[in-house]
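Structural data only, the sequence is not supplied:
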């Protein structure tokens, strides 16, 4: 069935979906149906005869990529196995999987380090350069490594004391055939620079490129897109500078300006019709964001009714604030039938969450906090993944050290120090050093200890061979877990809580099922252990199928981006919280990003919006007087009503009202 864009999309959406050749810049306001437009645009391209293998669509989360791909398949009725809809990092994995052998020192079976692995590698580099110890600011060093690697910062006299540590970290990554998340964006560009023929091959393959959430791209990500698109020039970017809220992780909304400079012949289209919020909510959002000067002019509008006024409440303190929010949520649930999962409580900082959680628990309101620990970051799952990583890449020291005595196998710290010393002397991995030490004539190594090491090496080599066949990998994993007696290890390690041990082993069983389901998926042509390990390193909490229906959404404003709720509560709308004091201290110009953050929060609401600002708030152990956020003053007064606290009734009045209500119900 032919796709009729004019019937399915509004005028500006239709225009955006129709133009398939040349550069296109689409400024898509909040709630303007951009995902729908994007899917119709790609379906239209396919209908025109553009090969699916020539299209590359990039976005930022696995969830968004899956949703986009599913919608396109549903729209076209085709399997589309050759269409590439991917996150930036997953696309980097794809490039490196195909071409990393071209980079000196790297081999195909590389390991992707998650944050925990990276932390371990940084600590090791710090120890080797004499910078280790309790005073090392791991968070700062990690950020510096990322900023230097991606070009967001250069070495100068304020940070060059960490240059040796940085170099040692880079050497570690190459020596152990490992990459971190930044490498997934940076290394493909190094590859393209050193091997133009590889770049040409990707340009020939992907002649049509589309980027969603363009305002969230970093300079490094933009450069990757530019390298691929600069010749064919069939590139469409979709974004909203008013929703750029990730500068702290490298996002650069100025890339919209860069795109205009690099592709001056672009067609620019604005999507301003909002399908989410009421007129009052949109009017508030438009008035707030209009105070930013560095932005594309746009004004969201809707055909929907005016809706309810925005309610603002000034409670005495954070306890009263939490009680107010909790009571209203309970009332909405009981009296209006609003589902808990249709309500969002959005905070600027995590520090506001605890008091709210306590109140929700007291009122028996089921809730979820976004950004909790990923299933794949749980210790028992990390242990099993480490075994799989070592089986696929024995040179990965970080993961080897994690599992060499998990379960315990009699290889103590003294022996490990000796092995690590040999590894440094021979400039090889610990696994290779273990192999050397078992073959050497070394009288200081007891026969029993030599036996433990040989047993470990045989275990890894044996399962490596079985995993690399690519057949029955799920069964192989089950056999490995049984052979190392991981259940026995959990029972010993949790001797005082067998219930906890069973829960952890249940997670291990769930992980095996994930692996087996992935292996059996017909869409995975010739699945390998490398593919799966790379996939799970990139997943986030939204990739685990957990039952969350019926739970209130408690999250940071950052985590809420891309979501919408019937009812939204914004607690802590006070100066020093939003705009955040630290952000303003670092740079007064951050006021515009803080305002964008408030704008994003407002535009998550469909029908009702409540803002609270405490008169006093406890910070650490001190109670401080607070003032309302300056952003509240930017909302027109005619859109606001002040919520007065419920009047406390005396006993006789309360009983009289109750009797009247009871009589009314009986009459019905």
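Looks like it came in fine. If you're wondering where the values come from, they're calculated on a predicted model, not measured in any experiment.

And the strands in the stretch 501-650 of the chain, which stretches?
Using DSSP state E, counting those that start in this stretch, the strands of the stretch 501-650 of the chain run over 552-556, 565-570, 605-612, 616-619, 622-625, 640-642.

so which of these comes closest to residue 263?
The closest of the strands of the stretch 501-650 of the chain to residue 263 is strand 552-556. By Cβ to Cβ, the value is 34.2 Å. No exception for glycine: its C-beta is placed from N, CA and C like everyone else's.

In its sheet, which strands sit next to that closest one, and in what direction?
Applying DSSP bridges, strand 552-556 is found paired with strand 343-347 (parallel), strand 367-369 (parallel).

Report the inter-axis angle for the first one versus strand 565-570.
Spelled out, it's strand 343-347. Put simply, strand 343-347 runs at 30 degrees to strand 565-570, going by axes from the mean of the first three to the mean of the last three Cα atoms, to 10 degrees.

Could you identify the helix or strand that succeeds strand 343-347?
Following strand 343-347 in sequence order, the next helix or strand is helix 353-362 (DSSP states H and E).

swap in the last one?
Where DSSP H and E defines the elements, the next helix or strand beyond strand 367-369 is helix 379-392.

Let me see the contact set for the residue nearest to residue 515 when sequence neighbours are not counted.
Counting by Cβ to Cβ, 6 or more residues apart in numbering, residue 515 lies nearest to residue 474, which is 5.3 Å off, once chain neighbours are set aside. Residues near residue 474 by Cβ atoms under 8 Å, 6 or more residues apart in numbering: 512, 515-516, 519.

could you point out where the stretch 401-550 of the chain is predicted with low confidence?
441-445, 539-548 (pLDDT under 70).

related to what we said a few turns ago, doesn't the residue nearest to residue 515 fall inside a strand?
No: counting by DSSP: H, G, I helix; E, B strand; the rest coil, residue 474 is located in no strand; its state is helix.

how close does it sit to residue 514?
According to Cβ to Cβ, to the nearest Å, residue 474 stands 10 Å off from residue 514.

what does residue 357 give?
Computed with Cβ to Cβ, the distance linking residue 357 and residue 514 is 29 Å.

Who has more neighbours out of these two?
Per other Cβ atoms under 10 Å, whichever of residue 357 and residue 514 has more neighbours is residue 514, with 20 against 15.

For the closest residue to residue 406 other than its chain neighbours, list the residues it contacts.
Distance criterion Cβ to Cβ, 6+ apart; nearest residue to residue 406, sequence neighbours excluded, is residue 383 at 5.5 Å. Neighbouring residues of residue 383 by Cβ under 8 Å, 6+ apart: 402-403, 406, 486.

Compile those residues into a markdown table and extend it with columns for secondary structure, neighbour count and distance to residue 626.
What follows is those, written out as a markdown table (DSSP: H, G, I helix; E, B strand; the rest coil; neighbours: other Cβ atoms under 10 Å; distance: Cβ to Cβ, whole Å):
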| residue | secondary structure | neighbour count | distance to residue 626 |
| --- | --- | --- | --- |
| 402 | helix | 21 | 45 |
| 403 | helix | 21 | 49 |
| 406 | coil | 19 | 48 |
| 486 | helix | 20 | 51 |
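
Now do the nearest residue to residue 636 once chain neighbours are set aside, the pLDDT please.
Nearest non-adjacent residue to residue 636, counting by Cβ to Cβ, 6+ apart: residue 287, 5.6 Å away. Residue-level confidence at residue 287 comes out at 97, pLDDT.

With residue 651 instead?
On the pLDDT scale, residue 651 gets 56.

Then residue 588?
Looking at residue 588, the pLDDT reads 90.

again with residue 9
Residue 9 is given a pLDDT of 95.

Check residue 93 too.
94.

give the contact list for it.
112, 184, 534, 538.

ok, now with 6 Å
184, 534 (Cβ atoms under 6 Å, 6 or more residues apart in numbering).

what about the helix or strand containing it, distance to the chain center?
Using DSSP H and E, residue 93 sits within helix 88-99. Helix 88-99 sits 18 Å away from the centroid of its parent chain (Cα atoms, centre = their mean, to the nearest Å).

now swap in stretch 208-220 and tell me
16 Å.

Please apply the same query to stretch 349-366.
In this view, stretch 349-366 has its centroid 23 Å away from the chain centroid, taken as Cα atoms, centre = their mean.

How about stretch 450-470?
34 Å.

ok, now stretch 235-251?
15 Å.

buried set for it?
235-247, 250-251 (16 or more other Cβ atoms under 10 Å).

Output the strands of the stretch 501-650 of the chain as CSV; include the columns distance to residue 150 and mean neighbour count.
Putting the strands of the stretch 501-650 of the chain into CSV (distance: least, Cβ to Cβ, whole Å; neighbours: other Cβ atoms under 10 Å) gives the following:
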stretch, distance to residue 150, mean neighbour count
strand 552-556, 24, 22
strand 565-570, 33, 24
strand 605-612, 35, 24
strand 616-619, 34, 16
strand 622-625, 38, 9
strand 640-642, 42, 13
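
what sits against residue 273?
Counted by Cβ under 6 Å, 6+ apart, residue 273 has contacts residue 10.

change it to 10 Å
Shown in contact with residue 273 (Cβ atoms under 10 Å, 6 or more residues apart in numbering): 10-13, 29, 31-33, 300-303.

again, but for residue 486
Counting by Cβ under 10 Å, 6+ apart, residue 486 has contacts 380, 383-384, 387, 406-407, 480, 504-505, 508.

quick one, phi/psi of residue 208?
phi -130, psi 120 (degrees, to the nearest 10).

Could you report the separation of the residue nearest to residue 511 when sequence neighbours are not counted from residue 320?
Spatial nearest neighbour of residue 511, excluding adjacent residues (Cβ to Cβ, 6+ apart): residue 381 at 5.3 Å. To residue 320, residue 381 is 41 Å away according to Cβ to Cβ.

do the same with residue 34
From residue 34 to residue 320 the distance is 39 Å (Cβ to Cβ).

Same drill for the two, tell me which one is more crowded.
residue 34 (21 against 17).

So that one sits against residue 271, correct?
Yes: between residue 34 and residue 271 a contact is recorded at 6.3 Å, counting by Cβ atoms under 10 Å.

residues in contact with the closest residue to residue 33 other than its chain neighbours?
Computed as Cβ to Cβ, 6+ apart, the closest residue to residue 33 that is not its neighbour in sequence is residue 275, at 5.4 Å. Residues in contact with residue 275 (Cβ under 10 Å, 6+ apart) are 10, 31-33, 36, 302-304, 564, 606.

Quick one, which of these are buried?
Judged by 16+ other Cβ under 10 Å, buried ones among these: 10, 31-33, 36, 302, 304, 564, 606.

any chance of those residues in JSON lines, with distance to residue 267 and secondary structure too?
Shown next, in JSON lines, are the buried ones among the contacts of residue 275 (distance: Cβ to Cβ, whole Å; DSSP: H, G, I helix; E, B strand; the rest coil):
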{"residue": "10", "distance to residue 267": "17", "secondary structure": "coil"}
{"residue": "31", "distance to residue 267": "23", "secondary structure": "coil"}
{"residue": "32", "distance to residue 267": "17", "secondary structure": "coil"}
{"residue": "33", "distance to residue 267": "19", "secondary structure": "coil"}
{"residue": "36", "distance to residue 267": "19", "secondary structure": "helix"}
{"residue": "302", "distance to residue 267": "25", "secondary structure": "coil"}
{"residue": "304", "distance to residue 267": "29", "secondary structure": "coil"}
{"residue": "564", "distance to residue 267": "29", "secondary structure": "coil"}
{"residue": "606", "distance to residue 267": "31", "secondary structure": "strand"}
